[in-house]
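In: predicted model follows, preceded by the sequence.
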Amino acid sequence: MRTRRSCGVLLVRGEPVREFLLMKHSNRWDLPKGHVDDGETDIECALREMEEETGIDRANVEIDPGFRFTTKYPVSYKRFGDEVFEKTLVVFLGRVNGENEIAVTEHQGYQWFVWQPPHVIQKETIDPLLAQLAEYL
C-alpha cells in the first residue's frame, strides 16, 4: 500500500484554551492541513497549509513544542483511481496571538468551537486529537 503524509495545525485561542478553529467542508469539519511537499518538514507543511487555508500569518501563532498528535488511517483518492493509501496525519498545536481575521480559501467556512471536552465532532481524527489535547492540557 502506498502512503501519503499530511500535516496541520490545531489553532486555539485563550489561556487557558477557550476555543479552537475548524474548517467547514461540504460534509464534515476538519483542520487546516494538507500534504507535505517534497523537501518540506512536517512543521513547514503545517504552517504553510495553515496560512493558505486560514489567512493567519505564522508570525501570529505560537507553536507549542510539547504537543504533537499523529495518527494513521486508510484514504482513497479519486485522482489516483480510488486507490487506497495509508495516510499519516501529524498535527501541531498553535496558540493564536491577538485577533486575526480568517480568510477562507479552500473551504465552505469556519467556526471557533468552545473548548468543552469531551468533544464529539468527527470520530476518525478530530475527536482523538481533541481527547489527546484535553489530556495534555
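Out: Received it, and whenever you're ready, just let me know what you need.
In: quick check: the residue located most distally from the centre of the chain vs residue 6, distance?
Out: Most distant residue from the mean C-alpha position of the chain: residue 81, 25.8 Å away (CA atoms, centre = their mean). To residue 6, residue 81 is 20 Å away according to CB to CB, to the nearest Å. Placement of C-beta: from N, CA and C, glycine included.
In: and for residue 80?
Out: Residue 80 is 15 Å from residue 6, where distance means CB to CB.
In: and the helix of greatest length in the chain, C-alpha only, in CSV?
Out: If you go by DSSP state H, the chain has its longest helix at helix 42-54. Output of helix 42-54 as CSV, limited to C-alpha atoms (Å, rounded to 0.1, in the frame of the first residue of the first chain):
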residue,chain,number,x,y,z
ASP,A,42,6.2,18.4,8.9
ILE,A,43,6.2,21.8,10.7
GLU,A,44,6.9,23.7,7.5
CYS,A,45,4.0,21.9,5.8
ALA,A,46,1.7,22.5,8.7
LEU,A,47,2.4,26.3,8.9
ARG,A,48,2.2,26.7,5.1
GLU,A,49,-1.2,25.0,5.0
MET,A,50,-2.4,27.0,8.0
GLU,A,51,-1.5,30.3,6.2
GLU,A,52,-3.0,29.2,2.9
GLU,A,53,-6.3,27.9,4.4
THR,A,54,-6.9,30.5,7.1
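In: who touches it?
Out: Residues outside helix 42-54 that contact it (CB atoms under 8 Å, 6 or more residues apart in numbering): 5-9, 11, 21, 23, 32-37, 40, 56-58, 61, 63, 90-92, 94, 100, 102-107, 110.
In: please flag which of these sit within helices.
Out: Using DSSP H, none of the contacts of helix 42-54 sit in helices.
In: wait, what's in contact with residue 55?
Out: Contacts here follow CB under 8 Å, 6+ apart; on that basis residue 55 touches 100, 101, 102, 103, 104, 105.
In: excluding chain neighbours, what is closest to the second one?
Out: Nearest-residue entry for residue 101: residue 55, 6.7 Å, with adjacent residues in sequence omitted and distances by CB to CB, 6 or more residues apart in numbering.
In: please tell me how far that neighbour sits from residue 79.
Out: 26 Å.
In: what's the answer for residue 98, then?
Out: Applying CB to CB, the value for residue 98 to residue 79 is 38 Å.
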